[in-house]
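**Q** what shape does this take:
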Amino acid sequence: MDWDKLRIFHAVADAGSLTHAGDVLHLSQSAVSRQVRALEESLNTTLFHRHARGLILTEQGELLFDATNAMVKRLDAASARIRDSEEEVFGDLKVTTTTGFGSLWLAPRLTKLYEKYPDLKIDLMLEERVLDLPMREADVAIRMKEPSQADLIRKKLMSVRMRLYASPEYLAQNGTPTRMEDMSEHRLICQNTTSAQVGAGLNLVQELLTHDIKSMLTINNYFGVLQGVINHLGIGVLPDYIIEDFPWAVRVLPEVESIEVPVFLAYPEEMRQSKRIAAFRDFVEEEIFAHRKQLKVLASA
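**A** So this is what the prediction gives:
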């Protein structure tokens, strides 16, 4: 198959129209159309259903688009490795992690990384879905469990536990619970049990719900839970790493906590020599070390 025709086919399939693909490729609509028809003729098949609103891939078109999509990602990976052969750390870096860890811990610390490498372009993707690193959905991941995908370099960064926290103002007005049964007299702020979240956090919430909680606020991420606690709405189920940046938060029922949740950094084996990955990995490890040190100071205070 003609590589140039495949490139044009991929752009059309991705854009859903000849006009938009032409804009991306800097070609006329007629030139794009001729190339697609020539490819269809060479394969003796129809790749698109054509209608007034645009183009829809046929079953055969879907198969070819899957193949060209994989090719594009592999080419992107090769391009990234070539760029990383340069001495300086610069360019695009796609980082994926959970909404809670990314918004509450990672994003506030990125200033230090940019100060050292101002030409980095970080795309921080916060979601609970596990992205496919070998297929270049992201370059590096920080996840709340050990990655199961093959061909990944992984390193355990730390462990996290979900605990109960409240503001001093809330506790002054509503009292401090001294046993689990007292939680029935307080508003619980937590993730909904149907939300995507770490299993340890879900198990803790389910245990708390056995104590006849009368008032609740459920939010689908820990950033929202923290906002509820900050605004004195109740007692929140939050990861313990928040205490470094929010030292005023009062831990409630210190004996109540989830099991440990391991935090792993992972990236594809083929990115082992990437200077951007190395810079990000070293930055995270340094921040984790400082985080642990600060937690010891807070614990002894």
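
**Q** just the helices in this structure please.
**A** Listed in chain order, the helices of the chain (DSSP state H) span 3-15, 18-25, 29-43, 59-83, 99-101, 110-116, 168-174, 199-208, 222-230, 275-300.

**Q** weakest of these by average pLDDT?
**A** When the helices of the chain are ranked by mean pLDDT, helix 59-83 comes last with a mean of 84.

**Q** which other helices and strands contact that helix?
**A** With contacts taken as 3 or more C-beta pairs under 8 Å, 6 or more residues apart in numbering; DSSP states H and E, helix 59-83 sits against helix 3-15, strand 91-97. No exception for glycine: its C-beta is placed from N, CA and C like everyone else's.

**Q** for the helices of the chain, which one sits closest to I142?
**A** I142 lies closest, by C-beta to C-beta, to one member of the helices of the chain: helix 99-101, at 6.3 Å.

**Q** distance from the chain centre to the closest one, please.
**A** Centroid separation for helix 99-101 versus its chain: 8 Å, with C-alpha atoms, centre = their mean, to the nearest Å.

**Q** show me what it is packed up against.
**A** Where contact means 3+ C-beta pairs under 8 Å, 6+ apart, helix 99-101 is packed against helix 222-230.

**Q** dump the helix it packs on to PDB, restricted to CA.
**A** Taking C-alpha atoms only, helix 222-230 is exported to PDB below (Å, rounded to 0.1, in the frame of the first residue of the first chain):
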ATOM      1  CA  TYR A 222     -11.200  14.000  46.000                       C
ATOM      2  CA  PHE A 223     -10.700  17.600  44.800                       C
ATOM      3  CA  GLY A 224     -14.400  18.200  45.300                       C
ATOM      4  CA  VAL A 225     -14.400  16.400  48.700                       C
ATOM      5  CA  LEU A 226     -11.600  18.700  49.900                       C
ATOM      6  CA  GLN A 227     -13.500  21.700  48.800                       C
ATOM      7  CA  GLY A 228     -16.400  20.500  51.000                       C
ATOM      8  CA  VAL A 229     -14.100  20.100  54.000                       C
ATOM      9  CA  ILE A 230     -12.500  23.500  53.400                       C
END
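
**Q** mean neighbour count and distance to V89 for the helices of the chain - can I get that in CSV?
**A** CSV is the format used below for these (neighbours: other C-beta atoms under 10 Å; distance: least, C-beta to C-beta, whole Å):
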stretch, mean neighbour count, distance to V89
helix 3-15, 19, 30
helix 18-25, 18, 29
helix 29-43, 16, 37
helix 59-83, 14, 10
helix 99-101, 22, 23
helix 110-116, 13, 8
helix 168-174, 15, 43
helix 199-208, 18, 35
helix 222-230, 21, 29
helix 275-300, 15, 5
